[in-house]
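**Q** test case, fold it:
(2 chains)
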Amino acid sequence: MTSPVAASQDVALVDLVDRLLNGGVVIAGDITLAVADVDLVYVGLRALISSVATAEANGVPLPR
Amino acid sequence: MIYVYAISEAPAAVEADGISGAPARSLQAGALAAVISTLEEPPTAEAPALLAHEGVVEAVMAAQPVLPVQFGMTFAEEAEVTALLERRQDAFGELLREVRGCVELSVRVRWSPPEPAAAESGRDYLQDRRHERRRADVVHQPLAALARSSTSRSEPGLLAAAYLVPAADVGPFTGRLETIRDEHPDLDFSCTGPWPPYSFVGAR
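**A** Down below sits the predicted model:
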């Protein structure tokens, strides 16, 4: 962790990914990713953190 | 295709851009509404889409009770979504009543678990397990008492819990959490939220 701000952002990202992929109402329909697959979730998490870091490093403003 | 972010009571006011910048809108079905976007292709579970999904759900949550939908659910056409809402109207209505006025708070607690090799006997092992459970309980039980509902999982060195808390009680909740934190300097705490109630709207 490089700074408390980065650390708390990482924590929030873990919580975000955990909620969106493992929580929420499961409705019938086409599930476009295997949400029950632990490996996929882990890959998703790493992708998320790396995407955010890359975006920030490039000075891209993130949504919200 | 139709992407679904959330379910709410109708009529839902939505003013937010969704995934890929597609506008989010409300689709009414009886007493319920789905918050949806029309997308060209399924979203991938990466930062822009995840944050857009969360942004739409939070925009609805600011105005009314909301059931966040799990990321990645798509339908061929609006009529399928409308039919789904009508079919499960009672269950969704009950869930909306349960989460009304509440937010979700996430608490993660980490500590240094005992080394597995350090337990030399079965009795040592069981003592370690009991000690671990007490560490989780000392945090979870008083917080759960302040929540309308709670869910938790623990493993050696970690407690991951979520609490459904009336919005007006967030202050007392975090106050209690700070007290617990001050009493246990050996534990590492993180708390995030308020979140939409993702952890309290599971399938039933």
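**Q** need the helix or strand of chain B with the lowest average pLDDT.
**A** Within chain B, no helix or strand scores below helix B:122-145, which has a mean of 85 by mean pLDDT, DSSP states H and E.
**Q** I figured B:R135 was touching B:I180, is that so?
**A** No: the criterion here is Cβ atoms under 8 Å, and B:R135 misses it with B:I180 at 11.3 Å. Where you see a C-beta, it was placed from the backbone N, CA and C, and this is true even at glycine.
**Q** which of these two has more neighbours?
**A** Using other Cβ atoms under 10 Å in any protein chain shown as the criterion, B:R135 and B:I180 rank with B:R135 on top: 21 against 18.
**Q** tell me which residues touch the residue nearest to the more buried one when sequence neighbours are not counted, please.
**A** Closest residue to B:R135 apart from its sequence neighbours, by Cβ to Cβ, 6 or more residues apart in numbering or on different chains: B:W111 at 6.0 Å. Counting by Cβ atoms under 8 Å, 6 or more residues apart in numbering or on different chains, B:W111 touches B:R135, B:G157, B:D186, B:L187, B:D188.
**Q** in chain A, what helix or strand scores lowest on average pLDDT?
**A** helix A:38-57 (a mean of 36).
**Q** what about the residue in chain A positioned nearest to chain B, distance to B:F75?
**A** For chain A, the residue closest to chain B is A:G23, as judged by Cβ to the nearest Cβ, at 3.2 Å. In this structure, A:G23 and B:F75 are 20 Å apart, going by Cβ to Cβ, to the nearest Å.
**Q** again, but for B:D124
**A** 54 Å.
**Q** those two: who's more crowded?
**A** B:F75 (21 against 12).
**Q** can you verify my assumption that B:A160 contacts B:R108?
**A** Yes: assessed by Cβ under 8 Å, B:A160 is found in contact with B:R108 at 5.2 Å.
**Q** in what helix or strand does B:L177 lie?
**A** Element membership of B:L177 [criterion: DSSP states H and E] is helix B:170-183.
**Q** does that helix come close to chain A?
**A** No: between helix B:170-183 and chain A, judged by Cβ under 8 Å from any Cβ of the partner chain, nothing touches; the nearest distance is 14.3 Å.
**Q** ok and that helix relative to helix B:122-145, angle-wise?
**A** If you take axes from the mean of the first three to the mean of the last three Cα atoms, to 10 degrees, helix B:170-183 sits at 150 degrees to helix B:122-145.
**Q** so for B:P113, what's the pLDDT?
**A** Note for B:P113: predicted pLDDT of 77.
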